[in-house]
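Q: Provided below are the primary sequence and the corresponding predicted coordinates.
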Amino acid sequence: MRSLLTLGLILLTTIAALSQSSVQQFFDKYQDDESFTQINISPKMFQMISSMDSEDPNNAEMMEMIGNLKGLKILTTDVNSQKYYKEFNDSFDKSVYEELMTVRENESDITFLVRESSGNIVNELLLLVGGAQDFVLMSFEGRIPLDKIGKLASGLNISGAEHLDKLKK
Amino acid sequence: MSTEMNDIIQRYWSGETTQDEEQRLQAYMVSGQVADEHLDMAELFSFYADQKTMTLPEELEMEAIYSSTLSPMDALVEKYLDAATSLDEEAQLRAYLTSEKVADSHRDLIPMFEAFSAEQDTQFDGDLTELERLQIQWSQKPKVRYMFPKVVGVAATLALLMMIAFNFLQEDTSSYKGKYTELQDPEEALALTKDALAFLGKKYDKGTASMKYIKELEKTNVFNFKN
C-alpha cells in the first residue's frame, strides 16, 4: 500500500515537472547557479503593488500596464551569454510560444516571444537578449497589450533603469 | 611602754601614725615582749612583715629562674619564640633541632624548623612555570587588568554598531547578483517592474522601428517579403 502511494507521488511530481512550461524549467534550471542573477516578483506582490496608492500622473500608461501584470521573472548572466541564448532558443516549447520578432542591435540578438495572444493582448511576453556580454531573459505575465509597450520607454525618464543596474553590480 | 604602745596602736587604727611610729610598732610586735593584750595584733603584723619581704621578681630574674631550672635549649627556644635570638643562636638552635638529641618537649618544633629551612633553601633560579610567569605578568600590569572589561565592552558595542550599519548599508546597495531573489517589498518590486518595462519598451521600440522600416521597404516591393 505504501509503495503504491510512493509510486503515485513520484508519478504526480513527474507529471507536474513535465507539465511545467519549458520556459519555467529554464528559470528553475539556473535558479541556484551562482553565475546567474534571477529575480522573481510573484502575483501576490503585484496585487500588493496595485493596492498601493502610488498614482503616477506622469506615467499613467506605465501604471496601467503594471496593474495588468501578474508576474515578472528576470534571469540574467554575463557568462557564456551566447551559449545560453542558443540553449533557450533551442529549448522553448514552440507549440506554446510564438515568435513575435527578432531584432539585431549592436551585436545583440533580441527576441520577443508571446504566449496565448488574442488580438493585441498577450498572456505572456518574453524578452530574450543574447549579446556578446549579456544574456537576459525576462518574462512578463498578465494581460499585456502589445500596442502599449512601445509607449513605455518614452514615458520613463532617461535616468531610469537604475534598479536593473543592480542586477549587474 | 605598754601605755605608749596603746596610744600608738590607737592612732594606727585611726590612720594617724607616722612612719617612725609604725616602724616602732612593727619592731615591738615582732619582738618577743608583746603584751598579752596585743598578741592578736602581733599575728597581723607578722603577716604584714611576710608580705613586705616578698618582692615581685624582675623580668630578668624570672629569666634567670627559667634558665636555672630548665635546660639551656629551653631558654633558647623561649628566646627564639620571642624573636630575640641572634643569628648565631638560631644556627645553634637549628643544629640542635636537626640533631638526634632533641628533648621530647621540643619535638613539635621540628616540623616548623624544617619548613623554615626548606623555605630558606628555595632560590629563584629563573626557571618559572607558565602559571608563575602569568601571575607575575598580571601582578605587573594592574592597569591592563583593570581596563580589560571596559575594552571588551567598548569593542562589543563597536562591533554591534558596525553590524547594524553594515546591515543598513547592505539594504541600501543590495545586489541581486549571483543569486535568486524573490522580492518581498512592494516598493522595490514596483521600481524594478518599471525599469524592466522601460527596458522592454526600449527594445520593443527598436524592433518595431526596424519592422516599420522593413514594411516601408516591403511597400516599395524591393524585397518580396511574405510575413
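A: Sure thing, it's come through.
Q: Check residue 153 and give its pLDDT.
A: Using chain A. Here the pLDDT value assigned to A:Ala153 is 70.
Q: try chain B instead
A: Predicted confidence (pLDDT) for B:Gly153: 88.
Q: you'd agree it is in a strand?
A: No: counting by DSSP: H, G, I helix; E, B strand; the rest coil, B:Gly153 is located in no strand; its state is helix.
Q: What separation do you get for it and B:Met162?
A: Distance, B:Gly153 to B:Met162, by CB to CB, to the nearest Å: 15 Å. Any C-beta I mention is one placed from the backbone N, CA and C, and that applies to glycine too.
Q: most centrally placed residue in chain A?
A: In chain A, the C-alpha closest to the average C-alpha coordinate belongs to A:Ser139, at a distance of 1.1 Å (CA atoms, centre = their mean).
Q: What's opposite it in the beta bridge?
A: Counting by DSSP bridges, A:Ser139 forms beta bridges with A:Lys73, A:Leu126.
Q: Go ahead and confirm it touches A:Leu72.
A: Yes: assessed by CB atoms under 8 Å, A:Ser139 is found in contact with A:Leu72 at 7.0 Å.
Q: for A:Ser108, what are its contacts?
A: Contact analysis of A:Ser108 by CB atoms under 8 Å, 6 or more residues apart in numbering or on different chains lists A:Val129, A:Gly130, A:Gly131, A:Ala132, A:Asp134.
Q: wait, which of those is closest to chain B?
A: Of all those, chain B sits closest to A:Val129, with 7.2 Å by CB to the nearest CB.
Q: Count the residues that sit near that closest one.
A: 20 (other CB atoms under 10 Å in any protein chain shown).
Q: Nearest residue to it in space, please, no chain neighbours.
A: Once flanking residues are discounted, A:Val129 sits nearest to A:Val136: 4.0 Å by CB to CB, 6 or more residues apart in numbering or on different chains.
Q: go on, B:Lys203?
A: Setting aside the residues directly before and after it, B:Lys203 is nearest to A:Ile110 in space (CB to CB, 6+ apart), at 5.3 Å.
Q: can you confirm the one you found is in a strand?
A: Yes: the assignment for A:Ile110 is a strand, going by three-state DSSP.
Q: list the contacts for it?
A: For A:Ile110, the contact set (CB under 8 Å, 6+ apart) comprises A:Thr102, A:Val103, A:Arg104, A:Leu127, A:Leu128, A:Val129, A:Gly130, B:Lys203, B:Lys206, B:Gly207.
Q: Which elements pack onto the lengthiest helix in chain A?
A: In chain A, assigned by DSSP state H, the helix with the most residues is helix A:2-19. On a contact count with 3 or more CB pairs under 8 Å, 6 or more residues apart in numbering or on different chains; DSSP states H and E, helix A:2-19 meets no helix or strand.
Q: What lies in contact with the following helix or strand past that helix?
A: With elements assigned by DSSP states H and E, the helix or strand that comes after helix A:2-19 is helix A:22-29. Residues from elsewhere that reach helix A:22-29 (CB under 8 Å, 6+ apart): A:17, A:20, A:38, A:73, A:75, A:87-88, A:91-93, A:96-97, A:126, A:137, A:139.
Q: Report the buried members of those residues.
A: Neighbour-count burial (16 or more other CB atoms under 10 Å in any protein chain shown) applied to those gives A:Gln38, A:Lys73, A:Leu75, A:Phe88, A:Phe92, A:Tyr97, A:Leu126, A:Leu137, A:Ser139.
Q: Look up how far A:Val23 lies from the second one.
A: For A:Lys73, the distance to A:Val23 (CB to CB) stands at 9 Å.
Q: ok now stretch A:95-112, how far from the chain's centre?
A: Here the centre of stretch A:95-112 is set off from its chain's centre by 13 Å, with CA atoms, centre = their mean, to the nearest Å.
Q: That should have said stretch B:80-93, apologies.
A: With CA atoms, centre = their mean as the basis, stretch B:80-93 stands 31 Å off its chain's centre.
Q: the helices in the chain, which residues?
A: In the absence of a named chain, this looks at chain A. All helices of chain A, identified by DSSP H, fall at A:2-19, A:22-29, A:43-51, A:60-67, A:81-91, A:146-155, A:162-165.
Q: wrong one, chain B
A: B:2-13, B:19-30, B:39-53, B:59-69, B:72-81, B:87-98, B:110-121, B:130-140, B:142-172, B:186-219.
Q: Look up phi and psi at B:Tyr176.
A: Main-chain torsions, B:Tyr176, degrees, to the nearest 10: phi -100, psi -10.
Q: Let me have the helices of chain B in JSON lines, adding mean neighbour count and distance to A:Asn68 as columns.
A: Conversion of the helices of chain B to JSON lines gives the following (neighbours: other CB atoms under 10 Å in any protein chain shown; distance: least, CB to CB, whole Å):
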{"stretch": "helix B:2-13", "mean neighbour count": "14", "distance to A:Asn68": "140"}
{"stretch": "helix B:19-30", "mean neighbour count": "14", "distance to A:Asn68": "139"}
{"stretch": "helix B:39-53", "mean neighbour count": "12", "distance to A:Asn68": "132"}
{"stretch": "helix B:59-69", "mean neighbour count": "11", "distance to A:Asn68": "119"}
{"stretch": "helix B:72-81", "mean neighbour count": "16", "distance to A:Asn68": "108"}
{"stretch": "helix B:87-98", "mean neighbour count": "14", "distance to A:Asn68": "109"}
{"stretch": "helix B:110-121", "mean neighbour count": "11", "distance to A:Asn68": "96"}
{"stretch": "helix B:130-140", "mean neighbour count": "10", "distance to A:Asn68": "74"}
{"stretch": "helix B:142-172", "mean neighbour count": "10", "distance to A:Asn68": "30"}
{"stretch": "helix B:186-219", "mean neighbour count": "18", "distance to A:Asn68": "11"}
